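Asks: coords please:
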Amino acid sequence: QVLLVESGGRLVQAGASLTLYCGTSGRTFSNHVVGWFRRTPGKDREFIATISRTGELTEYADSAEGRFTISRDNAKNTVFLQMRSLKPEDTAVYYCAARRDYLSISNYASDYDFWGPGTQVTVSS
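Replies: Numbers count the residues shown, from 1 in each chain. Take a look at the predicted model:
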């Protein structure tokens, strides 16, 4: 079992930057691919970004490419999602998720086994 906790979500104005954090404890985080997803009411979870166990490989959704950056610090058991030029349509609950040990990156929510409770990001116009 991998327990994940997101933080950093808050209300910001359009154009602002924000960093989200995904942390865990009691596990070797470096064994796990981590992804960020988001959900808005009435919609399915949307893939945002994923990062490999070492951080060498990343993949982004079109909506995030060029504006969002995923990174990780395995020594601190933390994965980051740096977001800039935020838009009102980025308003959502953001979730981090982890795959079981030693698997590859994926942009499919169904491939992720462990999920955090989410953190709300609201972007006002």
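
Asks: Quick check: which ranges of this protein have low pLDDT?
Replies: 26-27 (pLDDT under 70).

Asks: can you give me the strands for it?
Replies: For the chain, applying DSSP state E gives strands covering 4-7, 11-13, 18-24, 34-39, 46-51, 58-60, 68-73, 78-83, 92-98, 114-115, 119-124.

Asks: For the last one, which outside residues touch it?
Replies: Which is strand 119-124. With contact meaning C-beta atoms under 8 Å, 6 or more residues apart in numbering, strand 119-124 is reached by 6-14, 16, 18, 20, 38, 83, 86-94. Yep, even glycine has a C-beta here, placed from its N, CA and C like the rest.

Asks: who does the residue positioned nearest the centre of the chain bridge with?
Replies: Per C-alpha atoms, centre = their mean, the C-alpha nearest to the average position across the chain is that of residue 36, at 2.4 Å. Applying DSSP bridges to residue 36 gives these bridge partners: residue 49, residue 96.

Asks: coming back round to it: and the buried ones among the contacts of strand 119-124, selectable in PyMOL?
Replies: To isolate the buried ones among the contacts of strand 119-124 in PyMOL, judged by 16 or more other C-beta atoms under 10 Å, type:
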select buried, resi 6+8+9+12+18+20+38+83+86+90+91+92+93+94
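
Asks: Residue 96 and residue 114, how far apart?
Replies: 9 Å (C-beta to C-beta, to the nearest Å).

Asks: neighbour count winner among these two?
Replies: Between residue 96 and residue 114, residue 96 has the larger neighbour count (other C-beta atoms under 10 Å), namely 31 against 17.

Asks: I'd assumed residue 34 was in contact with that one.
Replies: Yes: contact criterion C-beta atoms under 8 Å: residue 96 and residue 34 qualify, at 6.0 Å.

Asks: Quick check: neighbours shared by the two?
Replies: The contact sets of residue 96 and residue 34 overlap at 22, 79 (C-beta under 8 Å, 6+ apart).

Asks: Tell me the buried residues in stretch 68-80?
Replies: 68, 69, 70, 72, 77, 78, 79, 80.

Asks: Using JSON lines, please lay out the strands of the chain together with distance to residue 108.
Replies: Converted to JSON lines, those look like this (distance: least, C-beta to C-beta, whole Å):
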{"stretch": "strand 4-7", "distance to residue 108": "17"}
{"stretch": "strand 11-13", "distance to residue 108": "29"}
{"stretch": "strand 18-24", "distance to residue 108": "18"}
{"stretch": "strand 34-39", "distance to residue 108": "9"}
{"stretch": "strand 46-51", "distance to residue 108": "7"}
{"stretch": "strand 58-60", "distance to residue 108": "11"}
{"stretch": "strand 68-73", "distance to residue 108": "16"}
{"stretch": "strand 78-83", "distance to residue 108": "18"}
{"stretch": "strand 92-98", "distance to residue 108": "10"}
{"stretch": "strand 114-115", "distance to residue 108": "13"}
{"stretch": "strand 119-124", "distance to residue 108": "21"}
